[in-house]
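**Student:** What follows is a predicted structure for the sequence shown.
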Amino acid sequence: MMSKPNTMIDRYRWYELAGIYAGVALFLGFVLAPFVEGFLVSLKPLTHLFSSPYRFWPEKASFDAYFTMWERVPLLGRYIFNSILIASVGTLIGVILITPAAYAFARFEFRGRGPLLGAFLAVNMFSGAVLLIPLFRLMRTLGLLNTYFAMIVPGVAFIIPTGIWLLRTYMLRIPQELEEAALADGASRFYTFRRVILPLAMPGISVVAIYSFLTIYAQQFIYALTFNSKTEYMPLPVGLYAFFGRQDVIWNELMAASFLGVLPVFVVFIFLQRYLVAGMTAGALKT
Amino acid sequence: MTIRQSAIVFAWVLLAPALLYVLVIVAYPLVDTINLSFTNASLRRTYDRVGFENYRNIFQRGFSDVIVRTLVWTFCSVALKMLIGTFGAVMLNAAVPGRTLFRVLTMPPWIVPMAIGIFMWGWMYNGEFGMISGLLQRLGIVEGPLPFLAYGTTAFWATIVTDVWIGVPMVTIYLLAAIQSIPRDLYEAAWVDGAGRFYRFRRITLPLIVPALITMSMLSLIATFNSFDIIWILTQGGPSGQTTTMIIDTYRTAIGSYKFGEGAARAVLICIFLSVFCFLYFRLVSRFSGATIR
């Protein structure tokens, strides 16, 4: 199939190649600079950190901060556990709500389907901050302030629209004949959903689950900050924020703790990024 | 019940849990916000209706400055995201060795917990020991430390840059997908006719990713307008209110000083802006998707 222009068009002259790599370096430099700098800071002893003039490379690199941070932030392990817990439970609730709804939108004709899907997507328009006041009052009335519940429940609402959209797109590609055959054999609709559709939709459901986990893990700040004041329930961002806000921030340990907190999502991402990127862009472009 | 009716009932049963959830967590609070905006609600259990007093107060207390600042902040951020995102997408689309790795390396700001990325920027902006001020001093561009978050103008731009940084991966990946969906024949035909690389970009790539650009800029507009974490962590709206956007102002009023009524009135104004953006979005998307099909 490879006709001649096909390969020739992708040939670059040396200066074009140099230009592209320079452009990529500039772009990735912007994207990755904070990570590089943050990591180098975590390796610098505090006395070297606060020294002028500025030095990019650490003079005496050491991993000391990764050990001393446990004393400075005694609950660090707990914070990371809380973050993972909140993201996991949120993902579970999200998937349980999203999967049947996506199936309904993908397969059934009912009055008001279009507007209802639009209404779900409109949820994306609001951030938590706008709805914070009634949610705060609601949580207070129900006595749910300072619980995990208060930090998990609001976040889930904001993964539902995108989740439904992604999974609906995936389910639209499952051939309808399979369900028709099952129904013709006398299977109930629920049985068909559970035994025919769910297994086939698993790759799509996985994408939604990864997306949900990463999103909730990345965005657990405002609810946790507002609805919870118990130190032992804090997720990592809020737990570290308490240290960040102080006058004399122990930067090398803060950065070390941050990198530790990033680790869980990096592991998830490194293994699953291929599926995630493919799934998300497909959902976005095929409208 | 006919088969058709039973199918409809089943569909609603499938929908019910998600629908109920969103009604309780999003729709009810939305209605309640509007309701509270006409009251003097606070931490007390009871409250009185006060009519439009909250709305009158808002504009007497310089809220129009906050609105203008929010719009400028948002538009600058979105414009930069689109510019850098397009640049990144074009660079990552080039068929050079290592591009798969480059694409993966674009993602970290998006997947890392937002607050943690912001902490890192907090260090970068540090005047005496941070990277940016340090490099600028070394290069002799500034004399002496420049604490970016201590001055209004620099803090304003510092928060924008951090917001751009968090938004760019998403924009880049979507635009890259849009570029990749352009039929290759177009490029080959242009190439055969002797069109140069830049000419092909200007005449083929750019016009054909306009719909994706519009979609992404409207979605970014809504997300950026709602941005809270970045400003709250870096400056809490300071110095002297120079980075106070509508969201920050609402949070301060409502949660900071427990003036739920006044806060709700501000939140309602935010919702009005968001609805306008949303309306624009649907208008633009329907117009441009029609135009590209032709």
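**Tutor:** Perfect, thanks for sending it.
**Student:** alpha carbons only for contacts and neighbour counts from here, please
**Tutor:** Fine.
**Student:** Which other helices and strands does the helix or strand B:Ile173 falls within contact?
**Tutor:** Here B:Ile173 sits within helix B:152-180, counting by DSSP states H and E. On a contact count with 3 or more C-alpha pairs under 8 Å, 6 or more residues apart in numbering or on different chains; DSSP states H and E, helix B:152-180 meets helix A:251-285, helix B:63-93, helix B:108-111, helix B:114-124, helix B:210-225, helix B:229-234.
**Student:** Buried residues, that helix. List them.
**Tutor:** Buried residues in helix B:152-180, defined by neighbour count with 16 or more other C-alpha atoms under 10 Å in any protein chain shown: B:152, B:154-179.
**Student:** related to what we said a few turns ago, please identify the deepest-packed of the helices and strands packed on helix B:152-180.
**Tutor:** helix B:114-124 (a mean of 24; mean count of other C-alpha atoms under 10 Å in any protein chain shown).
**Student:** mean confidence for it?
**Tutor:** Averaged across helix B:114-124, pLDDT comes to 89.
**Student:** Now do the next helix or strand after that helix and helix B:114-124, the angle between them.
**Tutor:** Downstream of helix B:114-124, the next assigned helix or strand under DSSP H and E is helix B:131-138. Comparing the axes of helix B:131-138 and helix B:114-124 via axes from the mean of the first three to the mean of the last three C-alpha atoms, to 10 degrees yields an angle of 20 degrees.
**Student:** I'd like the average pLDDT over helix B:131-138.
**Tutor:** Here the average pLDDT along helix B:131-138 is 81.
**Student:** Tell me the buried residues in it?
**Tutor:** If you call a residue buried by 16+ other C-alpha under 10 Å, then helix B:131-138 has these buried ones: B:131-137.
**Student:** got those residues as CSV, with distance to chain A columns?
**Tutor:** Putting the buried residues of helix B:131-138 into CSV (distance: C-alpha to the nearest C-alpha, whole Å) gives the following:
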residue, distance to chain A
B:Met131, 7
B:Ile132, 10
B:Ser133, 8
B:Gly134, 5
B:Leu135, 7
B:Leu136, 10
B:Gln137, 8
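**Student:** ok, so of these, who is nearest B:Leu80?
**Tutor:** Taking C-alpha to C-alpha as the measure, B:Leu80 lies nearest B:Ile132 of the buried residues of helix B:131-138, at 18.9 Å.
**Student:** Report the contact partners of that closest one.
**Tutor:** Neighbouring residues of B:Ile132 by C-alpha atoms under 8 Å, 6 or more residues apart in numbering or on different chains: B:124-125.
**Student:** ok, residue 88 - contacts?
**Tutor:** Defaulting to chain A. Going by C-alpha under 8 Å, 6+ apart, A:Ser88 touches A:Phe213.
**Student:** Oops, wrong one, chain B.
**Tutor:** Shown in contact with B:Gly88 (C-alpha under 8 Å, 6+ apart): A:23-24, A:27, B:172.
**Student:** Would you write out the ChimeraX command that picks the buried residues out of those?
**Tutor:** Here is the ChimeraX command that selects the buried residues among the contacts of B:Gly88 (16+ other C-alpha under 10 Å):
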select /A:23,24,27 /B:172
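**Student:** With distance to B:Ala265 as extra columns, can I get the contacts of B:Gly88 in a markdown table?
**Tutor:** Converted to a markdown table, the contacts of B:Gly88 look like this (distance: C-alpha to C-alpha, whole Å):
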| residue | distance to B:Ala265 |
| --- | --- |
| A:Gly23 | 46 |
| A:Val24 | 46 |
| A:Phe27 | 41 |
| B:Thr172 | 36 |
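**Student:** now the contacts of B:Gly88 in JSON lines, with secondary structure?
**Tutor:** Listed next are the contacts of B:Gly88 as JSON lines, based on DSSP: H, G, I helix; E, B strand; the rest coil:
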{"residue": "A:Gly23", "secondary structure": "helix"}
{"residue": "A:Val24", "secondary structure": "helix"}
{"residue": "A:Phe27", "secondary structure": "helix"}
{"residue": "B:Thr172", "secondary structure": "helix"}
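**Student:** Out of the contacts of B:Gly88, flag the one nearest to B:Leu92.
**Tutor:** Nearest to B:Leu92, judged by C-alpha to C-alpha, of these is A:Val24 at 7.0 Å.
**Student:** In the stretch 151-294 of chain B, what residue lies closest to chain A?
**Tutor:** Residue of the stretch 151-294 of chain B nearest chain A, by C-alpha to the nearest C-alpha: B:Ala267 (5.4 Å).
**Student:** Check the stretch 1-150 of chain B too.
**Tutor:** For the stretch 1-150 of chain B, C-alpha to the nearest C-alpha, closest residue to chain A: B:Pro113, 3.5 Å.
**Student:** how deep is that residue tucked in, by neighbour count?
**Tutor:** Residues lying near B:Pro113 (other C-alpha atoms under 10 Å in any protein chain shown) number 25.
**Student:** From what I see, it and A:Val238 are in contact.
**Tutor:** No - if you go by C-alpha atoms under 8 Å, B:Pro113 and A:Val238 don't touch, sitting 10.8 Å apart.
**Student:** For the residue of the stretch 101-250 of chain A found nearest chain B, give its distance to A:Phe35.
**Tutor:** Using C-alpha to the nearest C-alpha, the single residue of the stretch 101-250 of chain A nearest to chain B is A:Ala218, 3.5 Å away. Distance, A:Ala218 to A:Phe35, by C-alpha to C-alpha, to the nearest Å: 16 Å.
**Student:** out of the two, which sits in the busier spot?
**Tutor:** A:Ala218 (23 against 17).
**Student:** residues contacting the more buried one?
**Tutor:** A:Ala218 makes contacts with B:111-115, as judged by C-alpha under 8 Å, 6+ apart.
**Student:** Quick check: pLDDT value at A:Ile9.
**Tutor:** 68.
**Student:** where in the stretch 151-294 of chain B is pLDDT low?
**Tutor:** B:288-294 (pLDDT under 70).
**Student:** Would you mind naming what in it lies close to chain A?
**Tutor:** Residues of the stretch 151-294 of chain B lying near chain A by C-alpha under 8 Å from any C-alpha of the partner chain: B:165, B:173-174, B:177-178, B:188, B:191-192, B:222-223, B:226, B:228-229, B:233, B:247, B:251, B:254-255, B:260, B:263-264, B:267-268, B:270-271, B:274, B:278.
**Student:** Near chain B, which residues of the stretch 51-200 of chain A are found?
**Tutor:** Within reach of chain B by C-alpha under 8 Å from any C-alpha, the stretch 51-200 of chain A has these residues: A:51-56, A:97-98, A:100-101, A:103-104, A:108-110, A:120, A:123, A:125-127, A:129-131, A:133-135, A:153-154, A:157, A:160, A:189.
**Student:** And those, which of them are buried?
**Tutor:** Those of these that meet the buried threshold are A:54-55, A:97-98, A:100-101, A:103-104, A:108, A:110, A:120, A:123, A:125-127, A:129-131, A:133-135, A:153-154, A:157, A:160, A:189, by 16+ other C-alpha under 10 Å.
**Student:** can you tell me which helix in chain B is longest?
**Tutor:** Looking across chain B with DSSP state H, the single longest helix is helix B:260-293.
**Student:** Show me what that one is packed against.
**Tutor:** The contact analysis (3+ C-alpha pairs under 8 Å, 6+ apart) places helix B:260-293 against helix A:128-141, helix B:28-36, helix B:53-60, helix B:210-225, helix B:246-251.
**Student:** what packs against the shortest one?
**Tutor:** It refers to helix B:246-251. Helix B:246-251 packs on helix A:128-141, helix B:63-93, helix B:260-293, going by 3+ C-alpha pairs under 8 Å, 6+ apart.
**Student:** Quick one, which of those helices gets closest to A:Ile174.
**Tutor:** helix B:260-293 (25.6 Å).
**Student:** For that closest one, list every residue counted as buried.
**Tutor:** By neighbour count on 16+ other C-alpha under 10 Å, the buried set for helix B:260-293 is B:260-271, B:273-275, B:277-278, B:281, B:284-285, B:288.
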